[in-house]
Structures are given as structure tokens and as C-alpha cells.
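**Q** Pasting the sequence and the predicted model now:
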Amino acid sequence: MTPEDFVLKYEAALATQDWIQVAPLIHENACVTFSNGSVHRGKTAVEKAFRKNFSSIQNESYRMTNIHWVQKRDSLAVYLFEFQWSGVMQGQSIRGAGKGTCVITKLSDDWRLLVEHLGPNS
């Protein structure tokens, strides 16, 4: 799998809103910061946060665009991107967008998310 393959696989896994699909792509020491400022350290904390989002937002659509590779090495890659999401929460349509930074690391032949930081559009 290439770093580009990882991005496509991660985006597709998030679209399922199913942690079982996302889990294999997350590193045990992952750190994820959501655009609301909440920080989730370690795969267990990341799982809890993702499961909460998946159950809170129905019919979520999530897209990553304008991916810019900052660095690609044999076992570590960093990319910047823009994201857009929409869904339904408590019967109301909601949406958001922002910018993100991800660090992925290679374990054996598979890439894993090590760091994801989501923030608002500047």
C-alpha cells in the first residue's frame, strides 16, 4: 500500500461510520485532535471519540480534498488537506469544513494513522 492508497482507504473507512472498518488504519499510539479542540491520545481514546461521532451524526459524508504531501519517506509520510463533512444530528442538517494535517507511519506493508489534527478554515 502506498501513502496515497492509505488516504483513499481511510476516507472510505470513515464514510462507513463503522469503527471496525477504521480500526485497522489507526496506530496504537495515535493522537487525534478534532476541530473543536478535543484531543484523543491512544487508540482506545480515538476509538471512543470516533464511535461517539459515528453514533451522533447520521448519514455523515466526509471528504478530503487538496491533499498536499509535505514529506514521503519509506516509513513516514505527512500530508495536509482540506475537509468537508455533513450529516444529520438530532433531526437537523449540519455541516462543517476545515484544514487538517496527518502523519502516517508504515508497519510491515501497511500504513497507520499516527497523528491527525483537524482545525477550522483560516
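**A** Received, thanks. Numbering: from 1, shown residues only.
**Q** Let me know the pLDDT of the residue of the chain positioned farthest from its centre.
**A** The outermost residue of the chain, judged against the average C-alpha position, is Gly91 (24.5 Å), by C-alpha atoms, centre = their mean. For Gly91, the pLDDT comes out at 93.
**Q** Show me where this protein has its strands.
**A** Per DSSP state E, the chain carries strands over the ranges 26-33, 39-41, 58-72, 76-89, 92-107, 110-120.
**Q** Name the residues that touch the third one?
**A** Same thing as strand 58-72. 3, 7, 11, 14-15, 17, 53-54, 77-89, 100 (C-beta atoms under 8 Å, 6 or more residues apart in numbering). The way it works is simple: take the backbone N, C-alpha and C, and place the C-beta from them, glycine included.
**Q** Adjacent strands (with direction) for that strand?
**A** Strand pairing for strand 58-72, determined by DSSP bridges: strand 76-89 (antiparallel).
**Q** Buried ones in the strand it pairs with, by neighbour count?
**A** Along strand 76-89, these residues count as buried under the neighbour rule (16 or more other C-beta atoms under 10 Å): Ala77, Val78, Tyr79, Phe81, Phe83, Trp85, Gly87.
**Q** can you tell me which residues contact the last one?
**A** Residues counted as contacts of Gly87 (C-beta under 8 Å, 6+ apart) are Ile57, Gln58, Asn59, Glu60, Ser61, Ser93, Ile94, Arg95.
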